[in-house]
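Trainee: below are the sequence and a predicted model for it; my questions follow.
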Amino acid sequence: MEHDYPEQPGWVRLPGSEEDPRYPHGADYPGDYRRGAGARVSGVRRVRQASNWTAALLIAGVAATTGYFAHHAPAAAPATGVTSVPGGTAATGAHKPSLSGPVATTSGSGVTVRTGPGGTRIVSYRDN
Amino acid sequence: MAAMGPGYRDWRPVDVGATAVGVAERDALGTTARVVVWPPNWTGRALAAVDAELALLDKQASRFRDDSEISRLHRALTLPADIGEAPLRRSGIVSEGLAEAISVALAAAEWTGGLVDPTVGGALIGLGYDRDFAALPQGQAHEAAPPGPGYVPGWQSVRLDGRRLRLAAGVRLDLGATAKGLGSDRAARAAADCAPGGGVLVSLGGDIAVAGEAPLGGWPVLVSDEAEQQGREPAVHGARQVYAPQEPPGQLVRLPAGALATSSVGCRQWQRGGRTLHHIVDPRTGLPAAGPWRMVSVAAANCAEANAAATAAIVAGEQAVGWLTAQGLPARLVAHNGSVRLLSGWPTAAGGLVKVPATARMPAAPSGRPDGTGRPPEDFSRAARPDRVR
């Protein structure tokens, strides 16, 4: 058997780690000679292929989901809360508030809207 | 509502039905200033930053304050010219802040083809708008004589070279069409610096600028049809409150960035010679604009531009539709008969997102021209320095 690396003293080669030259890479082995080596090699290959496909599908799925929510953020969704920043810690974009009612008014007459006692809507005029 | 702490006595907390933002109002620049901040913990610092910006702008550009920088330069630069002297004979050094306000006003004049002109100040005074609006007599004749066309020298008669300003004799500046918007822009930027990672909305009498991060879906803003409001409840001078059983008429829109401003002929009205006058003067006639639009709202990359475009649209009349469309500015125009026209990315549905242009349409200020008078300029900027003790 030829090797592309020298044998190391004290190393023990695992059973089935070498391919039989009578049976090329990927071919199955006869049942009475080093049983299981071919199945192990092809099994490892299938697992690797499956892992690659799974990883690719996961990446694609996460990207698609992220893109969808970035473009379809529900405007009227309940507020997710605001970062509490005692002492001056910066807020993060993940905690953006969601506002349903107007927080400001643009008008030629200075109309403003606010909520009064009991949730009453108060419209204030200021002729300015 | 976050505690505002000492030094913010003039600000009134406002309940808008959401605890995720801090909201406060105060009287400023002859109108109402509103600040909305998220997260609300930053409200105190943001209000302090807005206070500083508004106080500085008031000292620089208010023509209703005798001690403002613009009033001082009016007194000094607009004295009648001596016989034989050229009209353009006096110049002065203004503060950087006032220079910016004047340069923005000149840029707006050039951009709008002169429809928004900072030299309408004299015409406004001639029409009776010669003091703070709160001090104007309401609902009665201000003077018996009907108004005549006011003199508008034209924005080209103003020369600004860096901080050096020259005015022709008799020219009075009125920066009202752009100064409030500029104030909103300045205040929003300053306040956003105090709310890292969060967002700020600043409204000066409905001229709205936002900075930082917008809430999910954008800042909800009500574009109010004030004439319908006044139809329900007769307008009287001064602030009043009406308990409304439902949302006031208008349209709720969402502003993701930039600015939103409204100009209207339905406010700041006064009587003279049996005629109802308003504060938007057509520089071509020297009289209040008489176009088909009662109210125009425009969204733009910054509030000075939005305000200038809205005012220009009122003055331009029918031509405003083509001009706003060519500029690609989202706009909502309300005619005197109540019909509404939406342009260039303004949402049709209630609660829709306004497609605000990412870049400014208004070009930079016109370049300054050489003075050539040879006179040493007087420094008027001392009046606006915040550290000056009076």
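Mentor: Looks like it came in fine.
Trainee: how about residue B:185, secondary structure?
Mentor: Under DSSP: H, G, I helix; E, B strand; the rest coil, the three-state class of residue B:185 is helix.
Trainee: any idea how far it lies from residue B:45?
Mentor: As judged by C-beta to C-beta, to the nearest Å, residue B:185 and residue B:45 stand 19 Å apart. No exception for glycine: its C-beta is placed from N, CA and C like everyone else's.
Trainee: one more: residue B:29?
Mentor: Residue B:29 sits 21 Å away from residue B:45, going by C-beta to C-beta.
Trainee: same check on residue A:107?
Mentor: Taking C-beta to C-beta, one finds residue A:107 at 28 Å from residue B:45.
Trainee: same deal with residue B:352?
Mentor: 32 Å.
Trainee: now residue B:363
Mentor: Applying C-beta to C-beta to residue B:363 and residue B:45 gives a distance of 34 Å.
Trainee: equivalent analysis for residue B:174, please.
Mentor: From residue B:174 over to residue B:45 the distance is 33 Å, taken as C-beta to C-beta.
Trainee: when these two are compared, which one has more neighbours?
Mentor: Using other C-beta atoms under 10 Å in any protein chain shown as the criterion, residue B:174 and residue B:45 rank with residue B:174 on top: 23 against 18.
Trainee: pLDDT wise, what is the more buried one at?
Mentor: Note on residue B:174: pLDDT of 82.
Trainee: now do the buried residues in the helix or strand harbouring residue B:101.
Mentor: In this structure, residue B:101 sits in helix B:96-111 according to DSSP states H and E. The neighbour-count check on helix B:96-111 (16 or more other C-beta atoms under 10 Å in any protein chain shown) flags B:97-111 as buried.
Trainee: quick check: of those residues, which lies closest to residue B:209?
Mentor: Distance to residue B:209 across these (C-beta to C-beta) is lowest for residue B:104, with 13.2 Å.
Trainee: how near is the closest one to chain A?
Mentor: 20 Å (C-beta to the nearest C-beta, to the nearest Å).
Trainee: doesn't residue B:307 make contact with that residue?
Mentor: No - with contact defined as C-beta atoms under 8 Å, residue B:104 does not count as touching residue B:307 (9.9 Å).
Trainee: looking at chain B, which helix or strand is least sure?
Mentor: Lowest on mean pLDDT, DSSP states H and E among the helices and strands of chain B sits strand B:239-244, with a mean of 42.
Trainee: name the SS class of the closest residue in space to residue B:190 that isn't next to it in sequence, please.
Mentor: Computed as C-beta to C-beta, 6 or more residues apart in numbering or on different chains, the closest residue to residue B:190 that is not its neighbour in sequence is residue B:49, at 4.1 Å. Here residue B:49 takes the helix state, with states given by three-state DSSP.
Trainee: all strands of the stretch 1-150 of chain B, in order?
Mentor: B:12-13, B:22-28, B:31-38, B:90-93 (DSSP state E, counting those that start in this stretch).
Trainee: where does chain B have low pLDDT?
Mentor: B:1-9, B:78-90, B:121-151, B:226-248, B:266-279, B:365-390 (pLDDT under 70).
Trainee: any idea how many residues pack against residue A:46?
Mentor: Count around residue A:46 with other C-beta under 10 Å applied: 10.
Trainee: mind checking the SS state of it?
Mentor: helix.
Trainee: between the buried residues of helix B:96-111, which is nearest chain A?
Mentor: The shortest gap between chain A and any of the buried residues of helix B:96-111 belongs to residue B:108, at 18.3 Å (C-beta to the nearest C-beta).
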